[in-house]
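Trainee: sequence first, predicted coordinates after that:
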Amino acid sequence: MGQKVNPHGMRVGVIKDWDSRWYASDEKVGDLIVEDHKIRKYLKKTLYGAGVPKIEIERSNDTVTIFLHCARPGVVIGKGGEQIEQYRLAVEKMTGKKVKLNIVEVRNPDMDAQLVAENIAQQLEKRISHRRAMKNSMARAMRAGAKGIKCCCSGRLGGREIAGVEHYHEG
C-alpha cells in the first residue's frame with residue numbers, strides 16, 4: 001500500500017499555519033489537545049449550516065481565543081449578536097476558561113476545498129445525482145478563479161449494490 005501523507009500536515013509551516021497556536025508544559029498538552037478537539041467538534045456540529053471550513057484556537061494563560069472562519073457570518077452572529085453570545089457561553093461552560101469568539105468571513109466559498117466538499121455532500125443527502133453535484137461544484141470553482149480542481153465521490157452512488165468510485169478533474 002502506498003505511503004499516504006496528510007495534505008495539511010505536509011504544508012504546515014510552508015504555505016499553511018497551525019490551527020492551534022499555544023504552548024503548554026508536558027503535563028497539560030494532552031488535556032488541551034482534547035479540549036481543542038471538543039471545541040472544534042461542538043462548533044462544527046452546531047454551525048454546520050454556516051459553512052465552517054476552519055476553526056483556529058489561540059490560548060494565553062487565562063483566555064481562549066477562537067477564530068471561526070465561516071462562509072455565512074450572519075447565521076453565526078444572529079440578530080444583534082445574540083447567537084454568537086450563546087455559542088461563546090456554551091464554549092466557556094465546556095472549557096471553564098474565558099473565551100473570545102472572533103468571526104472571520106470566508107470571502108470566496110467556491111474556492112475553499114472544505115466548503116466545496118460539504119456542499120457536494122449536502123446535495124447527495126438531498127438525493128441529487130452525484131455526477132451533477134460534482135460537475136456543478138467544479139464549474140462553480142473554476143468560474144470563481146480556481147486553476148484546477150479534482151473531485152472524487154465513492155460509495156454506493158445512486159443506490160448501487162456494489163460500491164464504486166467516480167473521479168472528475170478539470171484545469
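Mentor: Looks like it arrived, so ask away.
Trainee: contacts, neighbours, all on C-alpha from now
Mentor: Fine.
Trainee: which parts of this protein are helices?
Mentor: Using DSSP state H, the helices assigned to the chain run over residues 7-11, 26-46, 73-77, 82-95, 113-125, 130-144.
Trainee: show me the contact partners of the second one.
Mentor: Outside of helix 26-46, the residues that reach it under the criterion CA atoms under 8 Å, 6 or more residues apart in numbering are 20, 52, 55, 57, 87, 91, 94, 95.
Trainee: is it possible to get a markdown table of the helices of the chain that adds distance to residue 101?
Mentor: Rendered in a markdown table, the data for the helices of the chain read as follows (distance: least, CA to CA, whole Å):
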| stretch | distance to residue 101 |
| --- | --- |
| helix 7-11 | 24 |
| helix 26-46 | 11 |
| helix 73-77 | 10 |
| helix 82-95 | 6 |
| helix 113-125 | 21 |
| helix 130-144 | 29 |
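Trainee: which of those sits closest to residue 65?
Mentor: Proximity to residue 65, assessed across the helices of the chain by CA to CA, is greatest for helix 82-95 (10.3 Å).
Trainee: packing partners for that closest one?
Mentor: In this structure, helix 82-95 makes packing contacts with helix 26-46, helix 73-77, strand 98-105, judged by 3 or more CA pairs under 8 Å, 6 or more residues apart in numbering; DSSP states H and E.
Trainee: relative orientation of that helix and strand 98-105 in degrees?
Mentor: Here helix 82-95 points in a direction 140 degrees away from that of strand 98-105 (axes from the mean of the first three to the mean of the last three CA atoms, to 10 degrees).
Trainee: got the domain boundaries for the chain?
Mentor: Using automatic domain parsing, the domain ranges for the chain come out as 7-105, 110-170.
Trainee: any chance of the ones you listed in a markdown table, plus mean neighbour count, distance to residue 1 and mean pLDDT?
Mentor: A markdown table is the format used below for the domains of the chain (neighbours: other CA atoms under 10 Å; distance: least, CA to CA, whole Å; pLDDT from 0 to 100):
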| stretch | mean neighbour count | distance to residue 1 | mean pLDDT |
| --- | --- | --- | --- |
| domain 7-105 | 15 | 17 | 93 |
| domain 110-170 | 15 | 18 | 94 |
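Trainee: excluding sequence neighbours, find me the nearest residue to the residue nearest the centre of the chain.
Mentor: The central residue of the chain, meaning the one whose C-alpha is nearest the mean C-alpha position (CA atoms, centre = their mean), is residue 53 at 2.5 Å. Counting by CA to CA, 6 or more residues apart in numbering, residue 53 lies nearest to residue 114, which is 5.4 Å off, once chain neighbours are set aside.
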